[in-house]
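Visitor: Generate a structure from the sequence data that follows.
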Amino acid sequence: MNDSKKSIAVLIPCRNEETTVADVVKDFSDVLPESIIYVYDNASEDQTTEKALEAGARVFYEPLLGKGHVVRRMFSDVEADIYVMADGDGTYEPSEAPFMIKKLLAENLDMVAGSRINVSEATARRGHTLGNRIFNTLYRFLFGSGFSDIFTGYRVLSRRLVKSFPVVSVGFEIETELAVHTSQLQLPVSEIPVSYKERPKGSNSKLRTFPDGFRILRSMIALLKDNRPFFMFGSLAMFSFLVAAVLSIPILLTYLDTGLVPRLPTVILSASLVLFSLLLLALGLILDSISKSRIEAKRVAYMQTFPLR
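Guide: I've put the predicted structure just below:
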């Protein structure tokens, strides 16, 4: 099917972006004139809706605060062959969207993520930059090396991915959930470098460094439990067993030397840790079987989702 015949939806989640949303809508309209621009207002307290309507966007509302709620609503409501998702703060360059779409179609991918090449220079908040580096490194360790920038808000997605993605997150951790979902199902995805501009004056970031950072970390742990339970609980079991072994060695040497068992509380603690490690290992094996069943169900849902004709 020719890409010119495919319907394109540009999805722009917004909260209090009256200073930038009109320019974002107009710029996407210029570079993707065949697309429909959707702005989802996440309970803004300014004139975001009015500015978006004036720029020609279709505006909808999501009263529940959090980007995850907005993405869930957008993915449920909008019908298209190709979805371009970008933030409404003017930090991404709309002119790069056609190249991302072309790559998605040429390589038959489910997602092309825009890896921000100058995020450090574009943001003035060091906490955001440091946190971004830490979480990207942690993600690659826990889930693999599929992405170098899991928090990018600039993505091009296929209909099959959008309509089969079970959004669970409520906030900014939605980006991590989306990355893990594609890695878990081994979907065809790719990254291309995109520019990342500094926020215009008057536009403020909604990301709170420490509260949202802890929320993302908690989300990563939950995703690890759900998607790689044997790795998580097996690692904890190994740690528990090693601690028990370290505590037991001096007692065992003393017993071999004297025939006596000193420090009875330490012996009880060591034995308890061994039993705990076995319990963790069994739990990991059980949850791993459940996780594989969930992956199969997600895969079936993915395979049953067909593009628009």
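Visitor: OK, contacts around Ser248?
Guide: Each residue near Ser248 by CB atoms under 8 Å, 6 or more residues apart in numbering is listed here: Val267, Ser270. Using the backbone N, CA and C atoms, a C-beta is placed for each residue, glycine as well.
Visitor: Give the other helices and strands that the helix or strand harbouring Phe28 contacts.
Guide: Using DSSP states H and E, Phe28 maps to helix 21-31. Contact partners of helix 21-31 among helices and strands, from 3 or more CB pairs under 8 Å, 6 or more residues apart in numbering; DSSP states H and E: strand 8-14, strand 36-41, helix 48-54, helix 97-106.
Visitor: tell me the most buried of the ones you listed?
Guide: Of all these, strand 8-14 has the most neighbours on average by mean count of other CB atoms under 10 Å, namely a mean of 25.
Visitor: Identify all contacting residues around that strand.
Guide: For strand 8-14, using CB under 8 Å, 6+ apart, the contacting residues are 21, 24-25, 28, 32, 34-42, 44, 48, 52, 57, 67, 70-71, 74, 78-88, 97, 101.
Visitor: Can you report how many residues neighbour Leu187?
Guide: 19 (other CB atoms under 10 Å).
Visitor: My error: substitute Ile251 in the last question.
Guide: Residues within reach of Ile251, counting by other CB under 10 Å, total 17.
Visitor: so how far is Thr49 from it?
Guide: Remark: distance between Ile251 and Thr49 (CB to CB, to the nearest Å) = 70 Å.
Visitor: do the same with Gly259
Guide: Gly259 is 82 Å from Thr49, where distance means CB to CB.
Visitor: hang on, the earlier thing: need the helices and strands packed on helix 21-31 in a markdown table (columns: mean pLDDT and distance to Thr176).
Guide: A markdown table is the format used below for the helices and strands packed on helix 21-31 (pLDDT from 0 to 100; distance: least, CB to CB, whole Å):
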| stretch | mean pLDDT | distance to Thr176 |
| --- | --- | --- |
| strand 8-14 | 97 | 16 |
| strand 36-41 | 97 | 20 |
| helix 48-54 | 95 | 26 |
| helix 97-106 | 96 | 20 |
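Visitor: Redo the ones you listed as a markdown table? Include distance to Val246.
Guide: Below are the helices and strands packed on helix 21-31 laid out as a markdown table (distance: least, CB to CB, whole Å):
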| stretch | distance to Val246 |
| --- | --- |
| strand 8-14 | 50 |
| strand 36-41 | 54 |
| helix 48-54 | 58 |
| helix 97-106 | 51 |
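Visitor: Looking at these, which is nearest to Leu264?
Guide: strand 8-14 (60.1 Å; CB to CB).
Visitor: by how many degrees do that closest one and helix 21-31 diverge?
Guide: Strand 8-14 and helix 21-31 meet at an angle of 170 degrees, taking axes from the mean of the first three to the mean of the last three CA atoms, to 10 degrees as the criterion.
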